[in-house]
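1. Predicted model and sequence below, questions to follow.
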Amino acid sequence: MNRTIKNIVNELGNSVINSYSQMFFSDNRIFAYFIIAATFINPGAGFSGLLSLMFAYLFAKWISFDKALITSGTLIFNSLMIGLIMGMQFKFDISFFILLLIFSALTVMLSKAYYIVLSKYSLPFLSLPFISAFWIFLFCNRSFEILEIDKSNLYFYNELYSLGGNKLVGFYEFLNNLQLSIFIESYFKSLGAIYLQHNIIAGILIAIGLLYYSRIAFTLSVIGYATGFFFSNYVLGNVNYLTYGYIGFNYILAAISLGGFYIIPSKKSYLLAACSCIIIVIIQVSMMKLFSLLQVPLFSLPSAIFILICLLTLKNRAISNGLDMVLYQTFSPEKNLYRFKNNTERYSKNTFVLINPPFFGDWYVSQGHHGSITHKGDYSHAWDFVITDDTRKTFKLPGKNLTDFYCYNVPVVSPAAGYVYQIIDGIDDNEIGEVDLNNNWGNTIIIKHSEFLFSKISHLKKESFKVYEGQYVYAGTVLATCGNSGRSPEPHLHFQLQSTPYIGSKTIQYPLSYFITKQISGKQIFNSFDYPKENSVVSGIQITPLLSKAFYFTPGKTISFEVKIENEKTEIIRWEFLTDSLNQTYIYCHNTNSIAYYVNNYTLFYFTNFIGDKDSLLHHFFIGAHKILLGYYADIEVSDILPIEHLYSGVSKFLQDFIAPFKLYLKPTFKAKFESIDDLHYPKNMVIKTEAQIKFNSRI
């Protein structure tokens, strides 16, 4: 029972704290503490907001709404706003608390309703539940006059004195005596007004928290407010309505959301943020005319409307064109940007289906893409492969018989998993130097790997097929053997990818996932998602069982190991290997509650993301084994880039955040190379040397 109560209290605390920073699209707890402090500049409003959140949490739990949406604050943060504005305007009595409870619950229901409707279009509901609930409250209170206006809030100095004595009053007077420009003063007041605290101290507290949480968000808040402020002054000739109308913060919220939260921060997103604020000025001016007749406040309605319009239109584009939507939200503009840049550089060439070379061993590319013989026009993106000796000859003397050619009758394998779509067999091999123009492709097999992706292998040997039409094959399954059928003057293998399943289908440009290129010097190069070049020697990756076993983590398994720490003490570390609902595999550290996501595609083991304690052993493993080739090659070096946020901190990271949408000068890299092995054929011990380099521009 005690544990249950403790869990409820912890969940309540997390839900409440997370709710405070939701208006800024943040889940940063320290930022939330700054906002909490700002809301308590007016103690009545701060207490009422906190109480409203508790009511909202209990109601949402009682209704059994989604736990994740409650704990993150998503479903209840609008109730905070209801509590803040009611606590600021009305006296506390029994009627007040009854209505606070009712409207806290109503706001939760409205939040869920907006969520259901807008989530169908992948859109947020923003502050629409709060605005709707408060309008209902306003009309209700006008009709029944249930609550009494709290006039004590008119005496702001008394509130400051009761909160912090003469020191706080003196600090406030000091700020006023600074004679700040109207822009700076109204910027801070607009920040405070987001949480219904229309004073400069609340705004400064929020600004400090915002700067701590995100340099990009802070910069966008200034850019957005400056654009709206000066455009308002240009259009209307004054900005008094921004200072006293509780609506100047629309520019801040719109700029942050469109410039760096829902859209990857970039030059274009910053420009969009600025342009959005100009449009919001126009929306505000037009809506104020209407809403002044109804005597209801606009709050953040203008920005909410335009944000939704903008997101809806941006989500329905053929191409992103530099305004890239955030697909996986990290609740930080910097993390969104760094992850996008990291993933773009790491995976921009990656294909959904991994296509391997259709053979074992070393083969020579006798004709590549846009080859001078037959790979032209619709059939440009194809390869011809043969086997050669050290002198680049394709045959042994005398070279007059099919069996004299090194690739003749050598097994051909499936380049990827799929279904055998069609087999053409029964065509005789040509004598050396002759071709069969009536049966251009010769004996051929077509394999369907996915919708609109087929591989075709031609010039195979008659009656050498080991598979049948309709059979499901895996990558590496032996299909047939190389022959000399069709338009083939000597034995070779024709290989192409195509989007349709026909024998004469056009080729498509589609890379091979992983292969080794051997240079004349004997040096080997690891290629990923690339195109074998003509006159190069390529081979598929030969997996080393020791490596494959070492980096194969069975989901559901747990490992524990002893680690020596300071003062010769030891600690038992426990890792568990799991799979989430999206079928992503990850390592979970029970000691630190850290998670490292990884991929093992049976050729490479690599990490994709880390969440948790950066001082943990799991984080060191995340960096140290960031990308490992699962086949032993003595002279091959595997390189990768590392995520910026995991290796930099302090001033360098702080400054990088400001200019990150325009330039990345912090460039961490990863390298891995095999250092030693005890036995090439049956290894039991192997050493891999990895290093992470922290770079500033090109300097290490």
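-> Looks like it came in fine.
2. Show the subsequent helix or strand relative to the lengthiest helix in the chain.
-> The helix that spans the most residues within the chain, counting by DSSP state H, is helix 267-294. Counting by DSSP states H and E, the next helix or strand C-terminal to helix 267-294 is helix 301-314.
3. Against which helices or strands is that next one packed?
-> helix 128-144, helix 249-256, helix 267-294 (3 or more CB pairs under 8 Å, 6 or more residues apart in numbering; DSSP states H and E). Every C-beta, even on glycine, is put in place using the N, C-alpha and C of the backbone.
4. Try it again at 6 Å.
-> With contacts defined as 3 or more CB pairs under 6 Å, 6 or more residues apart in numbering; DSSP states H and E, helix 301-314 has these neighbours: helix 249-256, helix 267-294.
5. Tell me the pLDDT of N609.
-> Turning to N609, the model gives it a pLDDT of 91.
6. is it true that it touches V599?
-> No: taking CB atoms under 6 Å as the definition, N609 is not a contact partner of V599, at 10.4 Å.
7. contacting residues around stretch 645-654?
-> Y338, L666, P668, I694 (CB atoms under 6 Å, 6 or more residues apart in numbering).
8. Make a markdown table out of these and add distance to F55, pLDDT and secondary structure.
-> Formatted as a markdown table, these follow (distance: CB to CB, whole Å; pLDDT from 0 to 100; DSSP: H, G, I helix; E, B strand; the rest coil):
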| residue | distance to F55 | pLDDT | secondary structure |
| --- | --- | --- | --- |
| Y338 | 38 | 91 | helix |
| L666 | 45 | 87 | strand |
| P668 | 47 | 89 | coil |
| I694 | 49 | 79 | coil |
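9. The helix or strand hosting H459 packs against which elements?
-> Using DSSP H and E, H459 sits in strand 453-460. Helices and strands touching strand 453-460, by 3+ CB pairs under 6 Å, 6+ apart, are strand 443-450, strand 493-498.
10. angle of it against strand 493-498?
-> Here strand 453-460 points in a direction 160 degrees away from that of strand 493-498 (axes from the mean of the first three to the mean of the last three CA atoms, to 10 degrees).
11. List the buried residues for the helix or strand containing A56?
-> Secondary structure assignment for A56, by DSSP H and E: helix 43-63. Residues of helix 43-63 classed as buried by neighbour count (16 or more other CB atoms under 10 Å): 44-60.
12. show me what contacts T585?
-> Applying CB under 6 Å, 6+ apart, the residues near T585 are T579, Y598.
13. again, only this time at 10 Å
-> Counting by CB atoms under 10 Å, 6 or more residues apart in numbering, T585 makes contact with F553, T554, P555, F577, L578, T579, A596, Y597, Y598, V599, N600, T608.
14. what do you get for F65?
-> F59, T74, L75, I76, V108, M109, S111, K112, Y115.
15. Restricted to helices, list those residues.
-> F59, V108, M109, S111, K112, Y115.
16. Look up how far M81 lies from the fourth one.
-> What it means is S111. 11 Å (CB to CB, to the nearest Å).
17. Tell me the residues that contact both of these two, please.
-> S127, P129, F130, A133.
18. Which one of those residues is nearest to I688?
-> Nearest to I688 out of the shared contacts of S111 and M81 is S127 (CB to CB; 51.9 Å).
19. Nearest spatial neighbour of the closest one, chain-adjacent residues omitted?
-> Residue nearest to S127 in three dimensions, not counting chain neighbours: S300, with 4.8 Å by CB to CB, 6 or more residues apart in numbering.
20. ok but L101 is inside a strand, no?
-> No: with DSSP: H, G, I helix; E, B strand; the rest coil as the criterion, L101 is assigned helix and is not in a strand.
21. I figured it hits V108, correct?
-> No: taking contacts as CB atoms under 10 Å, L101 lies outside contact range of V108: 11.2 Å.
22. Output the below-cut-off pLDDT ranges for the stretch 601-700 of the chain.
-> Applying pLDDT under 70 to the stretch 601-700 of the chain flags the ranges 695-700.
23. Which parts of it are helices?
-> 617-624, 650-659 (DSSP state H, counting those that start in this stretch).
24. quick one: the strand holding H459 to strand 443-450, angle?
-> 170 degrees.
25. can you dump the C-alpha coordinates of strand 453-460 into CSV?
-> Coordinates of the C-alpha atoms in strand 453-460 are reproduced here as CSV (Å, rounded to 0.1, in the frame of the first residue of the first chain):
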residue,chain,number,x,y,z
LEU,A,453,11.7,-3.5,-56.1
PHE,A,454,12.8,-6.5,-58.1
SER,A,455,16.3,-7.9,-58.9
LYS,A,456,17.1,-9.6,-62.1
ILE,A,457,20.1,-12.0,-62.7
SER,A,458,20.8,-13.1,-66.2
HIS,A,459,23.0,-15.3,-68.5
LEU,A,460,22.7,-18.2,-66.0
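26. Show me the common contact partners of N609 and V599, please.
-> With CB under 10 Å, 6+ apart as the test, N609 and V599 both reach Q584.
27. With neighbour numbers in mind, choose between the two.
-> Using other CB atoms under 10 Å as the criterion, N609 and V599 rank with N609 on top: 18 against 12.
28. What separation do you get for that one and I595?
-> 8 Å.
29. which residues are common contacts for the two?
-> Common neighbours of N609 and I595 (criterion: CB under 10 Å, 6+ apart): Q584, Y586, F622.
30. was I right about the second one contacting T579?
-> Same thing as Y586. Yes: under the criterion of CB under 10 Å, Y586 makes contact with T579 at 7.5 Å.
31. Give me the common contacts of the two.
-> Going by CB under 10 Å, 6+ apart, residues that sit against Y586 and also against T579 are P555.
32. Tell me the buried residues in whichever strand or helix holds F529?
-> Assessed by DSSP H and E, F529 sits inside strand 524-530. With burial defined by 16+ other CB under 10 Å, the residues of strand 524-530 counted as buried are I525, F526, N527, S528, F529, D530.
33. if we take the residues you listed, which one ends up nearest to K518?
-> Using CB to CB, the buried residues of strand 524-530 come closest to K518 at I525, 7.9 Å.
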